[in-house]
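Novice: A predicted structure for the sequence below; I have some questions about it.
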Amino acid sequence: MAKIRLFIDHPLVAGQPVPVDAAQAHYLSGVMRLRQGDAVSVFNGHDGEWRASLLDTGKRGGNLSIIAQTAPQQDPPDLWLMFAPIKKARTDFIVEKAAEMGCARILPVQTDHTNSDRIRQDRLQAHAIEAAEQCGGTFVPPVADLAPLSGMLDGWDPARRILWADESRAGPAEMLAGLPQGPWAILIGPEGGFSATERAHLARLPFVTPVSLGPRILRADTAAVAALALWQAALGDWR
């Protein structure tokens, strides 16, 4: 098995060549020092993982030859992560861990106390791709652009329940095994917590379930990982 994995936004068919862009070509030949014929594992997010071999590289890109499928497609459970962006490195961390831990979609949300009013969606999507490459996944969650939480809640499909990590409920971590199966989203607030208006709005929604993540108030990036782990263990594909 090849230890180098690349996400390729291209159909994967045995015997067919696929292109790689300039950055990927530099990574393969300039960083990893691969030569013609060396093995690479590739995936495109919906066709599983495939073994490929390096055909050529240059300054403008290169080509791989697709050989055979090595693993079937493994999609995550129907779980979304909504979070308020924080400092750059910690926002990157949240996106990376969400991709590693099996989120189907990542939605940055603007709250009353969100630190930033804009994100680089393309950069965060690149972090999700890199995380999938490194963790052996075959699915890359799409990262949405920043959107207001209030508007998102107003247009929300109630069939998708929301697990609200409510810092005011600090205490014993709540087990989720009794919650219903089906599509879910996890909601993580900003560093300053949700405003009183937002808290009242969330409390009125019948599809929102508030939970405690333990006796200590967690940083937003830690809370995201903790909530994802609790949900995956009780309702997701860690069971």
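Specialist: Received it, and whenever you're ready, just let me know what you need.

Novice: where's P183 relative to A173, distance?
Specialist: To A173, P183 is 23 Å away according to Cβ to Cβ, to the nearest Å. The way it works is simple: take the backbone N, C-alpha and C, and place the C-beta from them, glycine included.

Novice: Check I94 too.
Specialist: Look at I94 and A173: by Cβ to Cβ, they are 19 Å apart.

Novice: ditto for A224
Specialist: Taking Cβ to Cβ, one finds A224 at 15 Å from A173.

Novice: The two: who's more crowded?
Specialist: Between A224 and A173, counted using other Cβ atoms under 10 Å, A224 has the larger neighbour count: 29 against 14.

Novice: doesn't that one fall inside a helix?
Specialist: Yes. A224: assigned to a helix according to DSSP: H, G, I helix; E, B strand; the rest coil.

Novice: In the protein, which residue sits furthest out from the middle?
Specialist: Most distant residue from the mean C-alpha position of the chain: Q36, 32.8 Å away (Cα atoms, centre = their mean).

Novice: Quick one: residues contacting it.
Specialist: L54, L55, D56 (Cβ atoms under 8 Å, 6 or more residues apart in numbering).

Novice: redo that, cut-off 6 Å
Specialist: Each residue near Q36 by Cβ atoms under 6 Å, 6 or more residues apart in numbering is listed here: L54.

Novice: Distance-wise, check it relative to I8.
Specialist: In this view, Q36 and I8 are 18 Å apart by Cβ to Cβ.

Novice: cool, I86 as well?
Specialist: 31 Å.

Novice: Equivalent analysis for K97, please.
Specialist: On the measure of Cβ to Cβ, K97 and I8 end up 23 Å apart.

Novice: Could you check which helix or strand contains the residue farthest from the centre of the chain?
Specialist: Using DSSP states H and E, no element contains Q36; it sits outside every helix and strand.

Novice: Just say helix, strand or coil for the most centrally placed residue in the chain.
Specialist: The centroid of the chain falls nearest to A99 when counting by Cα atoms, centre = their mean (2.9 Å). For A99, the assignment made with three-state DSSP gives helix.

Novice: where's it relative to I129, distance?
Specialist: Taking Cβ to Cβ, one finds A99 at 8 Å from I129.

Novice: Also F93?
Specialist: 15 Å.

Novice: Same check on S168?
Specialist: 36 Å.

Novice: Would you mind telling me which of the two has more residues around it?
Specialist: I129 (18 against 11).

Novice: State the helix or strand in which the more buried one lies.
Specialist: helix 121-135.

Novice: Find the nearest non-adjacent residue to H201, please.
Specialist: Counting by Cβ to Cβ, 6 or more residues apart in numbering, the nearest residue to H201 once its immediate chain neighbours are dropped is L153, at 6.5 Å.
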